[in-house]
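Visitor: Predicted model and sequence below, questions to follow.
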Amino acid sequence: MNVGGNRIGTEEIESAILLERSHEGSVLLNCAVVGMADRVLGSAPCAFLVLQPGAALSDADEGRIRATVQKRVSSVGVPTLFIVVPALPET
C-alpha cells in the first residue's frame with residue numbers, strides 16, 4: 001500500500017495491531033488491514049477488527065492500538081478508520 005509516498009505492507013500493520021491481544025483484558029480477536037482511498041494521501045490504512053463476543057471497542061483500546069502501530073510501523077501506518085465486524089473471510 002502506498003500511503004503519502006510511503007510503501008507500507010498491510011501485514012506489518014496487522015502484526016502491530018495484533019500485539020493488542022497480549023494486553024490484559026484485550027477485546028481484540030483478529031484483524032485485517034486494507035488500503036482505502038484518501039484525497040490527501042492517495043490511500044490510507046483501514047482496519048477491520050473482530051472483537052471478543054459482547055465486547056465493544058473503547059477509546060482507550062483504540063488509542064493503545066494507534067500508539068502501538070505508530071511505535072512499531074510509523075505514523076503513516078496508523079489506520080485512519082477502525083471498523084468492527086463480526087468475522088473476517090479466511091482465505
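Guide: Yep, that arrived.

Visitor: Residue for residue, what is the longest helix the protein has?
Guide: helix 59-72 (DSSP state H).

Visitor: Tell me which helix or strand comes right after that helix.
Guide: strand 81-84 (DSSP states H and E).

Visitor: who's residue 32 bridged to?
Guide: residue 48 (DSSP bridges).

Visitor: rewinding a little: which helices and strands does the longest helix of the chain pack with?
Guide: helix 10-18 (3 or more Cβ pairs under 8 Å, 6 or more residues apart in numbering; DSSP states H and E). All C-beta atoms are positioned from the backbone trio N, CA, C, and that covers glycine.

Visitor: and the direction of the helix it packs on versus that of helix 59-72, what angle?
Guide: 130 degrees (axes from the mean of the first three to the mean of the last three Cα atoms, to 10 degrees).

Visitor: and for helix 10-18, what are the contacting residues?
Guide: 1, 28, 30-35, 45, 47, 49, 65, 68-69, 71-73, 77, 79 (Cβ atoms under 8 Å, 6 or more residues apart in numbering).

Visitor: quick revisit: who's in contact with the longest helix of the chain?
Guide: Helix 59-72 is touched from outside by 12-13, 15-17, 19-20, 23, 26-28, 47, 77-79, 82, with contacts defined as Cβ under 8 Å, 6+ apart.

Visitor: change it to 7 Å
Guide: With Cβ atoms under 7 Å, 6 or more residues apart in numbering as the test, helix 59-72 has contacts from 13, 16-17, 19-20, 23, 27, 77-79, 82.

Visitor: Buried residues of that helix, list them for me.
Guide: 61, 64-66, 68-69 (16 or more other Cβ atoms under 10 Å).

Visitor: if I look at the residue most central in space within the chain, how far off is residue 26?
Guide: Nearest to the mean C-alpha position of the chain, by Cα atoms, centre = their mean, lies residue 47 at 3.9 Å. Per Cβ to Cβ, to the nearest Å, residue 47 is found 15 Å from residue 26.
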